[in-house]
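A.B. asks: My questions concern the predicted model and sequence given below.
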Amino acid sequence: MTVFRFCPVCASELALITQAEDGGDKERLRCPACGFTHWNNPTPVLAAVIECTDREGQVLLARNAAWPGRFFGLITGFMEAGETPEDGIRREIAEETSLEVDSLSLLGVWDFQRMNQIIIAYHAAAHGEIKLSPELAEYKLIAPEKVRCWPQGTGQALATWLRTKGIEPQWLDLKRE
């Protein structure tokens, strides 16, 4: 999460300043010289539970090359300016896995406050040859009934999708994994 220290308008050091806004006083990083406000709004992140229709409905989980350890998660990415969330997740799936999306359905929206993000998650039915981008180190294909969810962020989206399939989610114990 990027936090501004200096004003991008006049280069003065930002300070926590309380100011009246709609709904009352609010403390934010503001420039005492020119009045710039750093809003620090959450960033939308797109996520996909990918069900591989040509692989007996297995779920694709991937390990990001930058992540420490061996955690496998959903395909995620940021929206580009001018694209819809649906177009964005289709692009991310194609870029990161080379899979072709047959259909998308919205699973839900979750806050991920630790990263100051809003997760917009989809179920993506997809097919094709899996070719990972350099951003991903490896992947696993797992039968839905054997998938284990994680409690944070995108793990809630995976659990939601499993419930739509009539599968009660099993949860990872991240303290022991």
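C.D. replies: Sure thing, it's come through.
A.B. asks: hey, where'd the helices end up in this structure?
C.D. replies: Along the chain, counting by DSSP state H, helices occupy 85-97, 155-164.
A.B. asks: Of all those helices, which one is nearest Leu106?
C.D. replies: helix 85-97 (8.2 Å; CB to CB). From N, CA and C alone the C-beta is placed, and that goes for glycine too.
A.B. asks: residues in contact with that closest one?
C.D. replies: 44, 46-48, 50, 60, 62, 75-80, 83, 99-101, 104, 120, 122, 124, 126, 130-133, 135-136, 139 (CB atoms under 8 Å, 6 or more residues apart in numbering).
A.B. asks: Now that helix: average pLDDT?
C.D. replies: For helix 85-97, mean pLDDT is 98.
A.B. asks: Could I get the buried residue list for that helix?
C.D. replies: 85-86, 88-93, 96-97 (16 or more other CB atoms under 10 Å).
A.B. asks: got any ranges where the chain has weak pLDDT?
C.D. replies: Scanning the chain for pLDDT under 70 picks out the ranges 1-2, 174-177.
A.B. asks: Just grab the bridge partners of the residue nearest the centre of the chain for me.
C.D. replies: The chain has Val45 as the residue nearest its centroid, 4.0 Å off, counting by CA atoms, centre = their mean. As for beta bridges, Val45 partners with Phe78, Ile119 under DSSP bridges.
A.B. asks: list the contacts for it?
C.D. replies: 76-78, 112, 115, 117-120.
A.B. asks: how close does Glu83 sit to Glu138?
C.D. replies: Going from Glu83 to Glu138 by CB to CB, to the nearest Å gives 28 Å.
A.B. asks: Strand partners (parallel or antiparallel) of the longest strand along the chain?
C.D. replies: In the chain, with assignment by DSSP state E, the single longest strand is strand 100-112. Here strand 100-112 is paired, per DSSP bridges, with strand 117-127 (antiparallel).
A.B. asks: so how far is the strand it pairs with off the chain centroid?
C.D. replies: 9 Å (CA atoms, centre = their mean, to the nearest Å).
A.B. asks: With just CA atoms, put it into CSV.
C.D. replies: This file holds the C-alpha atoms of strand 117-127, laid out as CSV (Å, rounded to 0.1, in the frame of the first residue of the first chain):
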residue,chain,number,x,y,z
GLN,A,117,-8.4,-3.3,-1.4
ILE,A,118,-11.9,-4.2,-2.6
ILE,A,119,-12.0,-7.6,-4.2
ILE,A,120,-14.5,-8.2,-7.0
ALA,A,121,-14.6,-11.9,-7.5
TYR,A,122,-16.0,-14.0,-10.4
HIS,A,123,-16.5,-17.7,-11.2
ALA,A,124,-14.9,-18.3,-14.6
ALA,A,125,-15.6,-21.4,-16.6
ALA,A,126,-12.6,-21.7,-18.9
HIS,A,127,-10.7,-24.1,-21.2
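A.B. asks: Done for today, thanks.
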